[in-house]
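> Sequence plus the predicted model coming up.
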Amino acid sequence: MSNKLWDNNRAQLRALLKKLREDDPHVNQTELAKMLGRPQSYISKYENGERKLDYVEITEICKALNVSMQRFNKLYEESIQ
């Protein structure tokens, strides 16, 4: 199992989080950062692979985007197949 930021599964995770954000035309990086109480650079860094996310952070992002963890997990599983 790889622990690299750039491995395929992590790339798919980042792409999915970015897609979910972009699915709402009113939520850009700055807006999502405000919703999370974080700087815009936090969003930019995890979207481009400079920063890893833990499970709690992913759940916070999903909650802010109104995406259930069940839906997120399903989409992620589909993306890595």
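Nice, I can see it.

> Show the backbone phi and psi for residue 28.
Main-chain torsions, residue 28, degrees, to the nearest 10: phi -100, psi -180.

> sorry, that was for residue 26
According to degrees, to the nearest 10, residue 26 has phi -90, psi 0.

> What about it, how many residues nearby?
5 (other Cβ atoms under 10 Å). For every residue, glycine as well, the C-beta is placed using N, CA and C.

> Got the confidence number for it?
Note for residue 26: predicted pLDDT of 94.

> same deal with residue 56?
98.

> ditto for residue 6
60.

> The residue sitting nearest the centre point of the chain: what's it in contact with?
Taking Cα atoms, centre = their mean, the centroid of the chain lies closest to residue 17, which sits 2.9 Å from it. Residues near residue 17 by Cβ atoms under 8 Å, 6 or more residues apart in numbering: 46-47, 53, 58, 61.

> quick one: secondary structure of it?
helix (DSSP: H, G, I helix; E, B strand; the rest coil).

> again, but for the one 3 residues further on
The three-state label for residue 20, taken from three-state DSSP, comes out as helix.

> Now do the same contact list for the residue lying closest to it once chain neighbours are set aside.
Taking Cβ to Cβ, 6 or more residues apart in numbering, and ignoring the residues beside it in sequence, residue 20 has residue 65 as its nearest neighbour in space, at 5.2 Å. Contacts for residue 65 (Cβ under 8 Å, 6+ apart) come out as 20-21, 24, 27, 32.

> now do residue 48
By Cβ under 8 Å, 6+ apart, the contact set of residue 48 is residue 14.

> And the pLDDT at it?
95.

> and it, how far is that from residue 62?
Distance of residue 48 to residue 62, given as Cβ to Cβ, to the nearest Å: 19 Å.

> Ok, residue 75 next?
Distance of residue 75 to residue 62, computed by Cβ to Cβ: 10 Å.

> Next, show the common contact partners of the two.
Shared contacts of residue 75 and residue 62, defined by Cβ under 8 Å, 6+ apart, comprise residue 20.
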